[in-house]
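Novice: just need the structure, nothing else, for what follows:
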Amino acid sequence: MDQHPIPRQITTFEFKLIGFLTIKQFIYLVIFVALGLAIYGLTPIPVLNVMFGVLTASIGAAFAFIPINDRPMEVWIRNLIKRLTSPTQYGFQKQNKPISFLQDAVFSSDPHQITAHIDSQKKLGSYLGKNSPTFSVNKKQNINELLLNPLSNLTKKPTINNQSSTSSQVKHPFLTGTVKNHKFTPLGGILIYVKKSADTEPIRILKSNAHGVFLSYNPMPQGEYFFEVKDPKQTHLFDTMKFKVEDQNNQPLEIYSKELI
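Specialist: Down below sits the predicted model:
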């Protein structure tokens, strides 16, 4: 089996145009040898002039002939200087505004759409009331009476059944409301403590759903109540509200958070 050649760095390949030297190697040797000769001639001390001259010429030879991992010395030195001068810690600073279609993408700020599930409950209740099984039960009872007493029903005058089918009444919430932030986005999981006064214990605790809606079906005595709103995650802040509860026709509450920024 033939042996494959060892992969080498070919992107920095240069042709040898001056004997066995490339142009870059020749330039390194000329510059550093000239510097070594200049240092040798300008240094007055006999021993030091030879050492500094040979050291300078050796540096040029190292740059020209000693690669490390198929990379010349200049690449290593350039990368070292770049890493030493580049910052080691970066800080993120948000400058671009958020995309418009990503804002309030989940919920709409329209309160009619937020409370749409209440209307769907009403429609479902009315549909179930129209399709109540009481009419079919009354029809079966009349058929059984005809089979048991056929003669009496022949002489009996027909009577009009004025009994109307009773539709199942839908239970409407006594008190409703929504919880939103300053962008009109509904907030879920918010606790609403209903108190008779600011210092007393809560008489009722409500919680908003994923659509920011909270409901209470149990009626409350007429009067003024304090609504203390809290966020379990402590992300949003709310003011304590004072609301007058009536026996009926209570308007839906709208609670907005108090943002810090």
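
Novice: from here on, contacts and neighbour counts on C-alpha atoms
Specialist: OK.

Novice: break down the protein into its strands, ranges please.
Specialist: 175-180, 191-195, 202-207, 213-216, 223-230, 241-245, 253-256 (DSSP state E).

Novice: and those as TSV, adding mean neighbour count and mean pLDDT?
Specialist: Listed next are these as TSV, based on neighbours: other C-alpha atoms under 10 Å; pLDDT from 0 to 100:
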stretch	mean neighbour count	mean pLDDT
strand 175-180	21	89
strand 191-195	20	91
strand 202-207	15	90
strand 213-216	20	89
strand 223-230	19	89
strand 241-245	14	85
strand 253-256	17	88
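
Novice: and the helices in the stretch 101-250 of the chain?
Specialist: 111-114, 116-130, 134-148, 150-155 (DSSP state H, counting those that start in this stretch).

Novice: pull the number of nearby residues for Glu246.
Specialist: Using other C-alpha atoms under 10 Å, the number of residues around Glu246 comes to 16.

Novice: output the below-cut-off pLDDT ranges for this protein.
Specialist: 1-19, 101-114, 131-140, 144, 146-170, 248-249, 260-261 (pLDDT under 70).

Novice: 50 instead?
Specialist: Along the chain, the model assigns pLDDT under 50 to residues 164-167, 261.

Novice: so what are the domain limits for it?
Specialist: If you go by automatic domain parsing, the domain ranges for the chain are 23-85, 175-256.

Novice: Thr115 reaches Gly212, doesn't it?
Specialist: No. Counting by C-alpha atoms under 8 Å, Gly212 is not a contact partner of Thr115; they are 9.4 Å apart.

Novice: nearest spatial neighbour of Tyr225, skipping sequence neighbours?
Specialist: Distances taken as C-alpha to C-alpha, 6 or more residues apart in numbering place Lys196 nearest to Tyr225, at 4.9 Å, with adjacent residues excluded.

Novice: ok, so what distance separates the nearest residue to Ala62 once chain neighbours are set aside from Gly60?
Specialist: Spatial nearest neighbour of Ala62, chain neighbours left out: Met73 (7.3 Å); criterion: C-alpha to C-alpha, 6+ apart. Met73 sits 10 Å away from Gly60, going by C-alpha to C-alpha, to the nearest Å.

Novice: repeat that for Ile77.
Specialist: As judged by C-alpha to C-alpha, Ile77 and Gly60 stand 14 Å apart.

Novice: quick one: which of the two has more around it?
Specialist: Gly60 (22 against 11).

Novice: so can I have CSV of the domains of the chain showing distance to Leu124?
Specialist: Converted to CSV, the domains of the chain look like this (distance: least, C-alpha to C-alpha, whole Å):
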stretch, distance to Leu124
domain 23-85, 69
domain 175-256, 18
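
Novice: among these, which is nearest Gln121?
Specialist: Closest approach to Gln121 among these is made by domain 175-256 (13.2 Å; C-alpha to C-alpha).

Novice: neighbours of Thr200, how many?
Specialist: The tally of other residues near Thr200 (other C-alpha under 10 Å) stands at 10.

Novice: distance of it relative to Val194?
Specialist: 10 Å.

Novice: what's the overlap in contacts for the two?
Specialist: Common contacts of Thr200 and Val194 (C-alpha atoms under 8 Å, 6 or more residues apart in numbering): none found.

Novice: is Glu246 in contact with Leu175, as I believe?
Specialist: No. Contact between Glu246 and Leu175 fails when scored by C-alpha under 8 Å: they sit 9.8 Å apart.

Novice: which residues touch Ser208?
Specialist: With C-alpha under 8 Å, 6+ apart, Ser208 has these contacts: Thr178, Val179, Leu187, Gly188, Gly189, Ile190, Leu191, Phe214, Leu215.
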